[in-house]
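In: Build me a model:
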Amino acid sequence: HTFDVEFKNDFIAGLAKGTQFTVYYSATLNENANIVTDGNDNTVYLSYGEDSTWETAEHKTTTYTWKMDVLKYTMDGENKVSLAGAKFQLLGADGNAIKFSEVADAAVPTYKVDKDGAVETITTDANGKFELVGLDEGAYKLHETEAPAGYNKLAADLDVVITSTYNE
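Out: Alright, predicted model coming up:
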């Protein structure tokens, strides 16, 4: 998903031949972000030039974010029995644990992706649950670091792939 950046001719005419530009775009979603919905609409434009005297036209963008619900359980016959105290990390494509911050006052323990967050290991609650929000599309691994007393950890990491279809 891209957008075009168009510079005014007056600005370009004043540049030396071969001048290169690098444009970085990022969008940070706050606590009011729509998760797993039609997305979050944004307006973007670029200010450039000395003292940001030039601006590109505005463009509309939509930023999407996803969530993942986790339930750790064991089977007792045909019944699922929730397991409290299982500890997990969500690993990114690079194999490193993703950092989270805890979301206050959530019905289920909820953790939001936060590159400066202090939480890398998340523990299931009394109902064997937690929720991760603010995830991007991509491949992840859910890694159990510690099983509840008397139980075994998962034999292997669980692959998680988040994909979506956009209506462009």
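
In: Quick one: residues contacting the residue nearest the centre of the chain.
Out: Of all residues in the chain, the one closest to the mean position by CA atoms, centre = their mean is Leu135, 2.5 Å from it. Residues in contact with Leu135 (CB atoms under 8 Å, 6 or more residues apart in numbering) are 65-68, 113, 162. C-beta here means a position set from N, CA and C on the backbone, and glycine is covered the same way.

In: what about 6 Å?
Out: Listed by CB atoms under 6 Å, 6 or more residues apart in numbering, the contact set of Leu135 reads 66, 162.

In: And the pLDDT at it?
Out: Looking at Leu135, its pLDDT stands at 91.

In: Report the separation between it and Ala118.
Out: Using CB to CB, to the nearest Å, Leu135 is found at 18 Å from Ala118.

In: repeat for Ala107
Out: Taking CB to CB, one finds Ala107 at 22 Å from Ala118.

In: which neighbours does the longest strand along the chain have in its sheet, and in what orientation?
Out: Across the chain, the strand with the greatest residue count (assigned by DSSP state E) is strand 138-146. Here strand 138-146 is paired, per DSSP bridges, with strand 87-91 (antiparallel), strand 158-162 (antiparallel).

In: and for it, what are the contacting residues?
Out: 87-91, 93, 121, 153-154, 157-158, 160-161.

In: For Val161, which non-adjacent residue is spatially closest?
Out: Spatially, and ignoring its direct neighbours in sequence, Val161 is nearest to Ala139 (5.2 Å; CB to CB, 6 or more residues apart in numbering).

In: Show me which parts of stretch 130-138 are buried, residue by residue.
Out: For stretch 130-138, burial by neighbour count (16 or more other CB atoms under 10 Å) applies to 130-135.

In: can you give me how far that stretch is from the chain middle?
Out: 5 Å (CA atoms, centre = their mean, to the nearest Å).
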